[in-house]
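Novice: with the sequence up front, the predicted model follows.
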Amino acid sequence: MRAVHSILGVLLLTCMFHVVDAEAASINIVALGASGTAGRGNGRHSGGVSPEQAFPAQLESMLRARGYDAQVTNAGVAGDTTDGMLARLDSSVPVGTKLVILQPGSNDGKHGASAGASVNVPQIIQKLKARGIKVIIANMRSAAADIGPDGQHLTAHGQTVVAERLLPQVMGAIGRR
């Protein structure tokens, strides 16, 4: 009987450690988008900011400053279309992701995306939700006054504005620390 109690005690402690590990695990967030997410453009419109100044990095810093153990992965690709985002969805959004911040961008019309945002964005959202991942759409227009000299990409301040406006939505979506 004593051996059974010892085994049960060990099992109980093991389960408790796993629960603590699960609660202590970092919150994985992916920012999926085009150059507005990446922070920089390419080609004719190569303006923008460094990855450290792009909204995903700034949002991660803001979350950490508020006590969240969050990792915001920047899965922005300059020039990408919603066709490209849909095609790379599984590789860009790994298992364990809790939230995706989706920034569809404006490249579909420029690069001749086959389906376009009106078809692809709902498909992207549906696929993510089927995996139990919450989705927030990033509104890059909220910082339209902060367009850089290339006439297309946000300045560091504009990226900060986007991060600040996303912060309460993200905190609401991921819940308490």
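Specialist: Thanks, I have the structure now.

Novice: pLDDT score assigned to the closest residue to T160 other than its chain neighbours?
Specialist: Once flanking residues are discounted, T160 sits nearest to Q58: 5.7 Å by C-beta to C-beta, 6 or more residues apart in numbering. Yep, even glycine has a C-beta here, placed from its N, CA and C like the rest. pLDDT recorded at Q58 is 96.

Novice: how close does Q58 get to T97?
Specialist: Computed as C-beta to C-beta, to the nearest Å, the Q58 to T97 distance reads 19 Å.

Novice: check G76 too.
Specialist: From G76 over to T97 (counting by C-beta to C-beta), the distance is 15 Å.

Novice: the more surrounded of these two?
Specialist: Legend: neighbour count by other C-beta atoms under 10 Å for G76 and T97, higher for G76 (27 against 21).

Novice: kindly state the beta-bridge partners for that one.
Specialist: G33 (DSSP bridges).

Novice: for the remainder of this discussion, apply numbering that starts at 238.
Specialist: Will do, 238 is the new start, and the previous item becomes G313.

Novice: the helices in this protein, which residues?
Specialist: Taking DSSP state H, the helices of the chain run over residues 239-261, 272-275, 292-302, 319-324, 326-329, 344-348, 354-367, 393-411.

Novice: hey, least reliable of these by pLDDT?
Specialist: In terms of average pLDDT, helix 239-261 trails the rest of those, at a mean of 49.

Novice: so what's G385 up against?
Specialist: Neighbour list for G385: 284-286, 391-392, 395 [criterion: C-beta atoms under 8 Å, 6 or more residues apart in numbering].

Novice: same question, K366
Specialist: Neighbour list for K366: V372 [criterion: C-beta under 8 Å, 6+ apart].
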